[in-house]
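Novice: Fold the following and give me the result.
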Amino acid sequence: MKKRKLKLADRLIAVIDVNKKSTLSKILSGIGGKVSTVKLGLEMIYGAGTDVVDIARRSGYDVMLDTKLMDIPSTIRGASLAIAALGPSIITIHTLGGKKMIEASKEALKEQSDRDLAIAPLLFGVTVLTSLDDGDLGEMGFKDGYKGTVIRLAGLALDSGADGIVCSPGEVRLLREEFGRDFFIATPGIRLSEDSAGDQKRVNTPEEAISAGADMVIVGRSIMQKPDIGAAVDIFLEKIKSALKAY
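Specialist: Okay, the predicted model is just below:
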């Protein structure tokens, strides 16, 4: 896969975790078109319905639909057909579902998009959630810790046709060293140095993530909890821009 060249506005994905369409519209207005993509997750989908994708797109944004798919391959194939028809630019899938599941999703996304004469959504594989650390993984029977687990899951996802990987900032450099640069890496768990980590355990700053080789940083509370969302977006874009110059 050959990655497309990213503009600065492509590199910050703003997370909108709300459950009302009116709130979504207000936040989209507050962002002011300063980023290309917004991430809509499970709270948004279940709280307000899938037409939130169309609302965001009509407001001028691409959509990362954070579905975090995981089920048997046939179920994921059907779900991916339905999701592709909504028109998101990126969807997420849990790499723990295995090779056949990821392949089924990738094939279905292309099939539906070809049918609609549209560009297929990029498929990003979620490795280990940023709310988990080595202790949590040990309780679940994982022996390699989060770094080894992320490397193995990322390799499986890329071998299965995933276009990108979702991991914490701390694993970005490892993945670049192991697999190169011909795929996207998007990192949640991004905070300003003065911000609280909340319920995420593996976090870092946007500068560190970009310097390590991340293509996109995914930011929610550190933007959405600020009184001026547009100003908060500007701060993150400036930090990303500075990191890219130094990188």
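
Novice: Send over the lengthiest strand in the chain as CSV, restricted to the C-alpha atoms.
Specialist: Longest strand of the chain, by residue count under DSSP state E: strand 62-69. Provided in CSV are the C-alpha atoms of strand 62-69 (Å, rounded to 0.1, in the frame of the first residue of the first chain):
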residue,chain,number,x,y,z
ASP,A,62,-14.1,13.1,6.8
VAL,A,63,-15.1,10.6,9.4
MET,A,64,-13.1,8.0,11.3
LEU,A,65,-15.9,5.7,12.4
ASP,A,66,-14.5,4.0,15.5
THR,A,67,-16.5,0.9,15.2
LYS,A,68,-13.8,-1.4,16.8
LEU,A,69,-15.3,-4.4,14.9
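
Novice: So which elements touch the next helix or strand after it?
Specialist: For strand 62-69, the following helix or strand on the C-terminal side (DSSP states H and E) is helix 73-84. When contacts are defined as 3 or more CB pairs under 8 Å, 6 or more residues apart in numbering; DSSP states H and E, helix 73-84 sits against strand 62-69, strand 90-94, helix 99-115. (Each C-beta comes from the backbone N, C-alpha and C, glycine too.)

Novice: which residues make contact with the one helix or strand in the chain whose mean pLDDT sits lowest from outside it?
Specialist: The least trusted helix or strand in the chain, going by mean pLDDT, DSSP states H and E, turns out to be helix 134-139, with a mean of 80. Residues from elsewhere that reach helix 134-139, judged by CB atoms under 8 Å, 6 or more residues apart in numbering: 128, 145-146, 149, 201.

Novice: Repeat that for stretch 23-35.
Specialist: Residues contacting stretch 23-35 (CB under 8 Å, 6+ apart): 9-10, 12-14, 16, 18, 38, 40, 44, 48, 52, 55-56, 59-61, 224, 228-230, 233-234, 237.

Novice: Report the buried members of those residues.
Specialist: Buried members of the contacts of stretch 23-35, counted by 16 or more other CB atoms under 10 Å: 10, 12-14, 16, 18, 38, 40, 44, 48, 52, 55-56, 61, 224, 229, 233, 237.
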